[in-house]
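S.K.: coordinates for the following, if possible.
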Amino acid sequence: MDLIKPFRAVRYQLAESGDLGDLVAPPYDVIGGDLQKALFKRSPHNVIRLILPEARSDDGEGENKYTRAARLFQDWLKRGVLARDSEPAIYRYQISFSLKTPEGIVTRERPGFVALCKLHEYPERKILPHERTLAGPKQDRFQLMLHCRAHFSQVFLLYPDQEGALEKALGQAPPAGTWSLSCEDDDGVTHTVWPVTAPEAIAAVNHHLHDRRLYIADGHHRYETALALRRELLSRSPLFAEGVDYALAYFTPLEHPGLTIFPYHRLVHNLPKRRLSGLLKKLGRHFIVDRTLLSPLESGPPRREFMMGLAERGRAGTVFGMVDAGTRCAYYLTLKPDSPLKHECRTEAELAQAELDVVALEELVLTGTLGIKRKDLLNEKFIAYETDYDRVLTAVQKPPCQLAFLMNPTSVHEVIKVADLAGIMPEKSTYFFPKLASGLLFNLMEE
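M.R.: Here you go, the predicted structure:
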């Protein structure tokens, strides 16, 4: 059976729904309360009303946010706010964006395509995860998918294609006479979509992916929810299981230079002061501690130099930056060669995980030295996570922040290595940027 399948996308009809930029949203899991409210106000047709509907105090089994989302989805289809394409296609999805680096602003593009992807259970080793998931978000997505019988967002998958074979087969621009959609999101990222219907192009995609593994970059909860829904509906009756063999997915080549991963920097706050006592001496057990001459708390050249130094040192091994809010001093922490992390490894997977910067930080500093419990890391009791180093270095100067840890990004190679070895990275190990836009393409779970 083919791995990917063309589908008839459900799309906004802009004459009825309004400007596309007012209709799209980031993935549900990066939308906070303030952004959720802003998206609700932005347009009566914004996709937030489907992917993250508001709960009410009187919600119950028969009437709740999931039943309301399902009714609204059907209403938009009936009123022509949404309509389904007449012809099956896979959809080219190109993303153009700017990126802040210590050296300056750079522009990049990330190519991809959207199609239905045949579901595979993880033990089949065809589609591999790299992150741990949580039960709460999966149950939420399960209920939404069960009630709406639709995919509103894509799973983000990586595939190997060092020679760029699929880029050549799919093309870089829509052919003459082919419709396309484009919009800019709140981060200034441009998202462009157009259909590919040529049988030879679709066949080339399936031929290329047939014997290759795929890797989940983002959307682990959505993928595992799709697996759970298939199991549940098949256990009831095949009659209720139409369309559940597939998930809506975005595919991009893992070797492409536009594939960008941000690190999650860490801010320590509200930790009992006794845990910070003698910190530098304690860190010296596992790290070479180098104090920097210039403080990254100063914007401009000192900050850029600090971040460039972090990247340069990171090419030789595990290192991260630390800023002490109390003394306003900054340090590079370089992991010593005799780190206990590797000595305790029993498998290749454990060794691959031990080589990750985020593992060294969590095991030897956050939990091992500062005594922060793992559940508190997850619940952000003493820890805040941020992908922008400028915001981190601004925040650490204000109470209740006490320490900032600046990270180098996890590489695509590390993600693939851990996944191939059936390892799992800690939470907040990777932030693939830009995020996919929800609202460009939907899939109905029916022929």
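S.K.: from here on, contacts and neighbour counts on C-alpha atoms
M.R.: Fine.
S.K.: ignoring the adjacent residues along the chain, who's closest to the most centrally placed residue in the chain?
M.R.: In the chain, the residue lying closest to the centroid (Cα atoms, centre = their mean) is residue 218, at 3.8 Å. Excluding its sequence neighbours, the residue lying closest to residue 218 (Cα to Cα, 6 or more residues apart in numbering) is residue 156, at 4.9 Å.
S.K.: partners of the one you found in the sheet?
M.R.: residue 218, residue 250 (DSSP bridges).
S.K.: residues near residue 225, how many?
M.R.: 24 (other Cα atoms under 10 Å).
S.K.: meant to ask about residue 210
M.R.: Residue 210: 14 neighbours (other Cα under 10 Å).
S.K.: show me what contacts it?
M.R.: Contact partners of residue 210, counting by Cα atoms under 8 Å, 6 or more residues apart in numbering, are 2-3.
S.K.: how about a cut-off of 7 Å?
M.R.: residue 3 (Cα atoms under 7 Å, 6 or more residues apart in numbering).
S.K.: pull up the gap between it and residue 276, please.
M.R.: Residue 210 sits 53 Å away from residue 276, going by Cα to Cα, to the nearest Å.
S.K.: go on, residue 137?
M.R.: Distance from residue 137 to residue 276, by Cα to Cα: 34 Å.
S.K.: ok, residue 68 next?
M.R.: Distance from residue 68 to residue 276, by Cα to Cα: 49 Å.
S.K.: which one's more surrounded, these two?
M.R.: Taking neighbours as other Cα under 10 Å, residue 68 and residue 276 compare with residue 68 leading, 19 against 16.
S.K.: could you pull out the strands in the stretch 51-200 of the chain for me?
M.R.: If DSSP state E, counting those that start in this stretch is used as the criterion, the strands of the stretch 51-200 of the chain fall at 82-84, 90-101, 104-110, 113-118, 127-128, 150-151, 155-159, 181-184, 190-196.
S.K.: now distance to residue 424 and mean neighbour count too, for these, in JSON lines please.
M.R.: Compiled in JSON lines, the strands of the stretch 51-200 of the chain are given as follows (distance: least, Cα to Cα, whole Å; neighbours: other Cα atoms under 10 Å):
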{"stretch": "strand 82-84", "distance to residue 424": "38", "mean neighbour count": "19"}
{"stretch": "strand 90-101", "distance to residue 424": "28", "mean neighbour count": "18"}
{"stretch": "strand 104-110", "distance to residue 424": "25", "mean neighbour count": "12"}
{"stretch": "strand 113-118", "distance to residue 424": "22", "mean neighbour count": "23"}
{"stretch": "strand 127-128", "distance to residue 424": "10", "mean neighbour count": "24"}
{"stretch": "strand 150-151", "distance to residue 424": "26", "mean neighbour count": "22"}
{"stretch": "strand 155-159", "distance to residue 424": "16", "mean neighbour count": "22"}
{"stretch": "strand 181-184", "distance to residue 424": "34", "mean neighbour count": "16"}
{"stretch": "strand 190-196", "distance to residue 424": "30", "mean neighbour count": "21"}
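S.K.: save the ones you listed as TSV, and put in mean pLDDT and distance to residue 236 too.
M.R.: Shown next, in TSV, are those (pLDDT from 0 to 100; distance: least, Cα to Cα, whole Å):
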stretch	mean pLDDT	distance to residue 236
strand 82-84	98	28
strand 90-101	96	31
strand 104-110	96	41
strand 113-118	98	20
strand 127-128	98	25
strand 150-151	98	19
strand 155-159	98	25
strand 181-184	97	39
strand 190-196	98	35
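S.K.: looking at those strands, spot the one closest to residue 314.
M.R.: Evaluated with Cα to Cα, the strands of the stretch 51-200 of the chain place strand 90-101 nearest to residue 314, the distance being 15.5 Å.
S.K.: contacts made by the closest one with the rest, please.
M.R.: Residues contacting strand 90-101 (Cα under 7 Å, 6+ apart): 6-7, 105-115, 188-197.
S.K.: work out the gap between it and the centre of the chain.
M.R.: 14 Å (Cα atoms, centre = their mean, to the nearest Å).
S.K.: that one to strand 113-118, inter-axis angle?
M.R.: Interaxial angle of strand 90-101 relative to strand 113-118 (axes from the mean of the first three to the mean of the last three Cα atoms, to 10 degrees): 120 degrees.
S.K.: just checking: what are the partner strands of strand 90-101?
M.R.: For strand 90-101, pairing defined by DSSP bridges yields strand 104-110 (antiparallel), strand 113-118 (antiparallel), strand 190-196 (antiparallel).
S.K.: to residue 261, which of those strands lies closest?
M.R.: It is, among the strands paired with strand 90-101 and with distance given as Cα to Cα, strand 104-110, at 12.0 Å.
S.K.: count of residues packed around residue 311?
M.R.: 17.
S.K.: what sits against it?
M.R.: Shown in contact with residue 311 (Cα under 7 Å, 6+ apart): residue 408.
S.K.: what are the buried residues along the one helix or strand it maps to?
M.R.: Element membership for residue 311, per DSSP states H and E: helix 301-314. With burial defined by 16 or more other Cα atoms under 10 Å, the residues of helix 301-314 counted as buried are 302-307, 310-311, 313-314.
S.K.: now do stretch 334-347
M.R.: Buried, per 16+ other Cα under 10 Å, within stretch 334-347: 334-336, 341.
S.K.: any weak-confidence spans in this structure?
M.R.: 447 (pLDDT under 70).
S.K.: before we move on, back to that, which residues touch the residue nearest to residue 218?
M.R.: Contacts of residue 156 (Cα under 7 Å, 6+ apart): 216-219, 249-251.
S.K.: beta partners for residue 114?
M.R.: Bridge pairing for residue 114 - DSSP bridges - gives residue 91, residue 250.
S.K.: how is this protein divided into domains?
M.R.: As assigned by automatic domain parsing, the chain contains the domains 4-260+433-444, 264-408.
S.K.: now those domains in JSON lines, with distance to residue 422?
M.R.: JSON lines is the format used below for these (distance: least, Cα to Cα, whole Å):
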{"stretch": "domain 4-260+433-444", "distance to residue 422": "8"}
{"stretch": "domain 264-408", "distance to residue 422": "7"}
